[in-house]
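K.L.:
sequence first, predicted model second:
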Amino acid sequence: IIGHASQRTGNLGAQRQDDVNRRVSLERATAVARALVGMGVQPILVQVAAAGDDQSLYAESTPAGEAGNRRAEVYLSQN
């Protein structure tokens with residue numbers, strides 16, 4: 001599970017913005033992981049990572065674009 005964040009974090013410096021977005025994206029991925037474990041997925045099978053705002057999919061010139069970049073991606077493996 002990879003958590004993502006939008007680029008907008010208010011009036012923060014570049015390094016602080018990166019730190020905040022990494023934390024937020026990790027929290028997002030962890031929340032999804034907890035939900036999956038709560039549904040019966042074995043915890044050992046779940047991995048989480050944080051991408052921050054490094055992998056934006058949408059232009060953030062609109063609220064919908066900003067919201068779309070706040071996401072968690074879940075990848076499944078047979079191994």
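P.N.:
Everything's here; your move.
K.L.:
which residues does the longest helix along the chain contact?
P.N.:
Identified as the longest helix of the chain according to DSSP state H is helix 14-38. Helix 14-38 has contacts (C-beta atoms under 8 Å, 6 or more residues apart in numbering) with 1-7, 9, 12, 43, 46, 48-53, 70-72, 74. In this view, the C-beta of every residue, glycine as well, is placed from N, C-alpha and C.
K.L.:
quick one: that helix to chain centroid distance?
P.N.:
Mean-position distance between helix 14-38 and its chain equals 5 Å (C-alpha atoms, centre = their mean, to the nearest Å).
K.L.:
mind listing what's buried along it?
P.N.:
Neighbour-count burial for helix 14-38, counted by 16 or more other C-beta atoms under 10 Å, picks out 17-18, 20-22, 24-26, 28-30, 32-33, 36.
K.L.:
now intersect the contacts of helix 14-38 with the strands, please.
P.N.:
Among those, DSSP state E puts 2-3, 49-50, 72 in strands.
K.L.:
tabulate the buried residues of helix 14-38 in TSV, adding columns for distance to residue 65 and pLDDT.
P.N.:
Formatted as TSV, those follow (distance: C-beta to C-beta, whole Å; pLDDT from 0 to 100):
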residue	distance to residue 65	pLDDT
17	17	87
18	20	88
20	19	91
21	16	92
22	20	94
24	17	95
25	17	96
26	22	97
28	17	97
29	21	98
30	24	98
32	21	98
33	26	98
36	27	97
